[in-house]
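Chemist: 3D, please:
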Amino acid sequence: MKDLLKRFTRAGAFVAKEINEVRRQPRLVLSLIFGPFLILLLFGIGYQGESGHLTGIFVVPEKGGYSQKVEDYQKLVGDQLQVTRLTTDQAGALADLRNQLVDLVVVVPENIEEQIGAGSQARVPIYFNEVDPVRRSWLTYLTYVYIGEINKQTLAAAAGQGQENAGDIHAALVRMRNSLATVEDHLQRNEMDQAGQQAQGMQGESSNIQLGVLLLASLLSSNSPMIKPPDGQNAGPTNLAEGSNVSKRLAADVQALNDELSSSNPDRERARQRVTRVREDIDAMDSLTQQFQKINPLVLAAPFYPEAHNTAPLSPGFTSFYAPGVLVLLLQHIAITLAALSMVRERILGTVELFRVSPVKPGEIMAGKYISFTILLSLIAGVLLLMMSNELTIGGVRLSLGVPILGDYLLLAVTLLLVVFASVGLGFFISTISKSESQAVQLSMLVLLGSVFFSGFFLRLETIWPPIRSVSYSLPVTYGISSLQVIMLRGGTPAWWLLLGLAGLGVFFLLISYILFSRQFRRG
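Modeler: Presented below is the predicted three-dimensional model:
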């Protein structure tokens with residue numbers, strides 16, 4: 001029992017020692033408690049989610065009388081898609097999309113009225129440029145949302161015009177056929193007065209038919225800018241876009257017949273010719289009615305159908321998309337940890353005391369460490385790239401992830417070197433403000449935690465409130481992820497400010513670390 005009590009006493013001494021050790025490091029306590037809380041607080045304040053507001057260009061045909069007003073197309077798609085401009089140059093619009101100046105390009109087909117008139121949905125191509133698999137699926141979904149809004153607005157315009165229609169067209173056509181047969185009977189018996197009275201009654205029916213244009217005919221001549229207005233009479237077969245033209249022609253021919261029969265000396269032969277024309281107009285309108293009845297109701301309810309096209313060079317999966325981010329995140333964390341622990345360990349082991357009495361300068365110490373860490377991390381980066389990108393197989397077993405590298409390898413290497421340069425500088429800065437190894441490790445982990453939240457690794461930078469986004473641009477990983485995704489997944493050249501930002505961040509951390517380390521070196 002006495003021996004057991006001694007063991008508890010000795011163990012308790014270590015408990016007190018460790019508690020006092022932590023208590024004597026207030027910076028470590030503050031970083032342990034308030035560091036993660038501060039990161040989560042900033043993330044909670046800054047994260048705004050996907051706004052859903054996209055920018056787009058509408059490509060409209062040069063001919064056909066399509067609306068050339070941006071506001072007309074803006075009304076069609078609602079507030080979630082901002083129509084930046086209209087153009088007839090599809091290649092130019094796709095070039096803007098390729099340069100990521102807009103989010104979507106909507107192409108208005110040239111033959112919308114022909115497709116709908118033939119009883120099929122009009123396909124509207126919608127192009128986007130995205131390699132993020134999550135955002136790619138979201139944009140594909142939004143194409144259906146936007147087309148649904150266009151369908152709703154188009155049908156609303158057609159329904160508003162359809163509400164003005166009066167009478168039942170089919171019934172009016174039947175009555176006109178009967179009246180026309182009666183007129184012919186009177187003409188055969190040379191009863192001009194009776195034929196004229198019957199023709200006067202047909203005028204009212206023709207007016208009702210002219211007002212009662214079919215719903216789809218109204219749609220095809222509605223105020224919707226996505227619908228091309230008819231270009232006048234068509235000499236070919238009757239189609240649904242001719243509804244208003246046929247009704248107007250019918251009213252004109254009925255008026256001509258009535259004028260002929262109401263004249264002081266009507267000509268029976270001319271009256272028969274007028275009757276023939278009226279009968280042709282009735283047949284055309286009847287054909288139009290039958291065509292309308294045979295159309296698939298889906299076409300009437302949703303005349304437009306989206307065709308989503310992703311113009312990105314490839315559509316990577318989740319592994320390929322996140323691989324560049326994982327690579328940069330690993331390099332930054334290893335570089336920061338090595339640099340931070342290296343300088344702190346020199347102070348703890350007393351090596352710095354030897355440096356002070358030697359000819360070596362602070363800049364020479366830092367330069368040697370920079371070069372050594374750069375060489376080491378370059379080797380690590382090369383191995384990681386090999387395991388990620390190449391189809392490395394041993395014994396028929398693939399050992400690599402097969403991540404594509406579409407861009408320039410030299411540019412890729414320069415970007416990784418800049419990431420290492422800036423990360424090592426950040427590690428040295430942490431070492432100058434850390435009093436112990438545990439504190440340096442804790443600060444390195446906080447940087448890693450902040451990098452996951454604010455670097456755009458799994459949440460796009462655009463979803464973060466701009467004032468909080470400044471935290472993102474103080475981390476090397478932010479620039480590295482954006483640059484590597486462009487190089488590896490798009491085969492392009494990253495924006496100049498990304499590489500310049502990495503270099504500037506590295507120089508800033510180098511200078512401030514050198515100044516702080518030199519002061520500590522001289523103070524000793």
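
Chemist: biggest helix in this structure by residues?
Modeler: Secondary structure assigned by DSSP state H gives helix 318-349 as the longest helix of the chain.

Chemist: packing partners for whatever helix or strand comes next after it?
Modeler: Using DSSP states H and E, the helix or strand that follows helix 318-349 in sequence is helix 351-356. On a contact count with 3 or more Cβ pairs under 8 Å, 6 or more residues apart in numbering; DSSP states H and E, helix 351-356 meets helix 496-523. The C-beta positions use only the backbone N, C-alpha and C, and glycine is treated the same way.

Chemist: for the helix it packs on, the averaged confidence score.
Modeler: Here helix 496-523 scores 88 as its mean pLDDT.

Chemist: may I see the buried residues of it?
Modeler: 498-499, 501-503, 505-506, 509-510, 513-514, 516-518 (16 or more other Cβ atoms under 10 Å).

Chemist: name the helices or strands packed onto it?
Modeler: helix 351-356, helix 362-389, helix 409-433, helix 476-484.

Chemist: cutoff 6 Å now
Modeler: helix 362-389, helix 409-433, helix 476-484 (3 or more Cβ pairs under 6 Å, 6 or more residues apart in numbering; DSSP states H and E).

Chemist: tell me the angle of that helix relative to helix 409-433?
Modeler: Per axes from the mean of the first three to the mean of the last three Cα atoms, to 10 degrees, the angle that helix 496-523 makes with helix 409-433 is 30 degrees.

Chemist: check the offset of helix 496-523 from the chain's centre.
Modeler: Distance of helix 496-523 from the chain centroid (Cα atoms, centre = their mean, to the nearest Å) equals 37 Å.

Chemist: wasn't residue 66 part of a helix?
Modeler: No - using DSSP: H, G, I helix; E, B strand; the rest coil, the assignment for residue 66 is coil, not a helix.

Chemist: isn't it up against residue 72?
Modeler: No - applying Cβ atoms under 6 Å as the test, residue 66 and residue 72 come out as separate, 9.3 Å apart.

Chemist: can you map out the strands along this structure?
Modeler: Assigned by DSSP state E, the chain shows strands spanning 54-59, 81-87, 104-107, 122-128, 304-310, 393-394, 397-398.

Chemist: and the closest residue to residue 512 other than its chain neighbours, what does it touch?
Modeler: Nearest-residue entry for residue 512: residue 429, 5.9 Å, with adjacent residues in sequence omitted and distances by Cβ to Cβ, 6 or more residues apart in numbering. Residue 429 sits next to 509, 512, 513 when contact means Cβ atoms under 6 Å, 6 or more residues apart in numbering.

Chemist: over to residue 126?
Modeler: 104, 106, 143, 306, 308.

Chemist: what separates it from residue 373, distance-wise?
Modeler: Separation of residue 126 from residue 373 (Cβ to Cβ, to the nearest Å) stands at 48 Å.

Chemist: go on, residue 330?
Modeler: For residue 330, the distance to residue 373 equals 14 Å [Cβ to Cβ].

Chemist: more neighbours, those two?
Modeler: With neighbours defined as other Cβ atoms under 10 Å, residue 330 and residue 373 compare such that residue 373 has more, 21 against 16.

Chemist: and that one, how far from residue 428?
Modeler: Residue 373 sits 10 Å away from residue 428, going by Cβ to Cβ.

Chemist: residue boundaries of the helices in the stretch 201-350 of the chain?
Modeler: 215-220, 243-262, 268-294, 297-301, 318-349 (DSSP state H, counting those that start in this stretch).

Chemist: and those helices as TSV, adding mean pLDDT?
Modeler: Converted to TSV, the helices of the stretch 201-350 of the chain look like this (pLDDT from 0 to 100):
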stretch	mean pLDDT
helix 215-220	48
helix 243-262	75
helix 268-294	75
helix 297-301	58
helix 318-349	86
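
Chemist: looking at the ones you listed, which is closest to residue 456?
Modeler: For the helices of the stretch 201-350 of the chain, the distance to residue 456 is smallest for helix 318-349, at 7.8 Å, taking Cβ to Cβ.

Chemist: now do that closest one: distance to the chain's middle.
Modeler: 33 Å.

Chemist: buried sites along it?
Modeler: 320-344, 346-347.

Chemist: elements contacting that helix?
Modeler: Counting by 3+ Cβ pairs under 6 Å, 6+ apart, helix 318-349 packs on helix 362-389, helix 409-433, helix 437-454, helix 476-484.

Chemist: could you list the low-confidence segments of the stretch 351-500 of the chain?
Modeler: Counting by pLDDT under 70, the ranges of the stretch 351-500 of the chain that qualify are 352, 357, 390-400.

Chemist: before we move on, the earlier item: which among the contacts of residue 126 gets closest to residue 481?
Modeler: Nearest member of the contacts of residue 126 to residue 481, counting by Cβ to Cβ, is residue 104, at 24.1 Å.

Chemist: which residue packs closest to the closest one, ignoring adjacent ones?
Modeler: Of all residues not flanking residue 104 in the chain, residue 56 sits nearest, at 3.8 Å (Cβ to Cβ, 6+ apart).

Chemist: do the same with residue 345
Modeler: residue 437 (6.6 Å).

Chemist: please report phi then psi for residue 405.
Modeler: phi -130, psi 100 (degrees, to the nearest 10).

Chemist: what about it, distance to residue 411?
Modeler: 11 Å.

Chemist: before we move on, what about residue 476?
Modeler: 17 Å.

Chemist: TSV for the contacts of residue 429, including distance to residue 271?
Modeler: Below are these laid out as TSV (distance: Cβ to Cβ, whole Å):
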residue	distance to residue 271
509	99
512	102
513	105
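
Chemist: sorry, back to before: quick one: which of the strands of the chain is nearest residue 137?
Modeler: strand 304-310 (10.2 Å).

Chemist: who are the packing partners of that closest one?
Modeler: Using 3+ Cβ pairs under 6 Å, 6+ apart as the contact test, the elements touching strand 304-310 are strand 122-128, helix 133-162.

Chemist: can you tell me the strand partners of that strand and which way each runs?
Modeler: Paired neighbours of strand 304-310 in the sheet (DSSP bridges): strand 122-128 (parallel).

Chemist: related to what we said a few turns ago, give me whichever of the strands of the chain is most buried.
Modeler: Most buried of these, by mean neighbour count (mean count of other Cβ atoms under 10 Å): strand 104-107, with a mean of 24.

Chemist: what's next to that strand, contact-wise?
Modeler: With Cβ under 6 Å, 6+ apart as the criterion, strand 104-107 contacts 54, 56, 57, 58, 59, 93, 94, 97, 125, 126, 127, 128.

Chemist: how does it look with 8 Å?
Modeler: 54-59, 81, 90, 93-94, 96-97, 124-128, 139, 143, 146 (Cβ atoms under 8 Å, 6 or more residues apart in numbering).

Chemist: most tightly surrounded among the helices and strands packed on helix 318-349?
Modeler: helix 476-484 (a mean of 27).

Chemist: mind checking how far it is from the chain centre?
Modeler: 21 Å.

Chemist: wait, which of the helices and strands packed on strand 304-310 is closest to residue 76?
Modeler: Residue 76 lies closest to helix 133-162 among these, at 4.9 Å (Cβ to Cβ).

Chemist: average pLDDT for that closest one, rounded please.
Modeler: The average of the pLDDT scores along helix 133-162 is 71.

Chemist: quick check: closest non-adjacent residue to residue 257.
Modeler: Closest residue in space to residue 257, ignoring its immediate chain neighbours: residue 274 at 3.8 Å, by Cβ to Cβ, 6+ apart.
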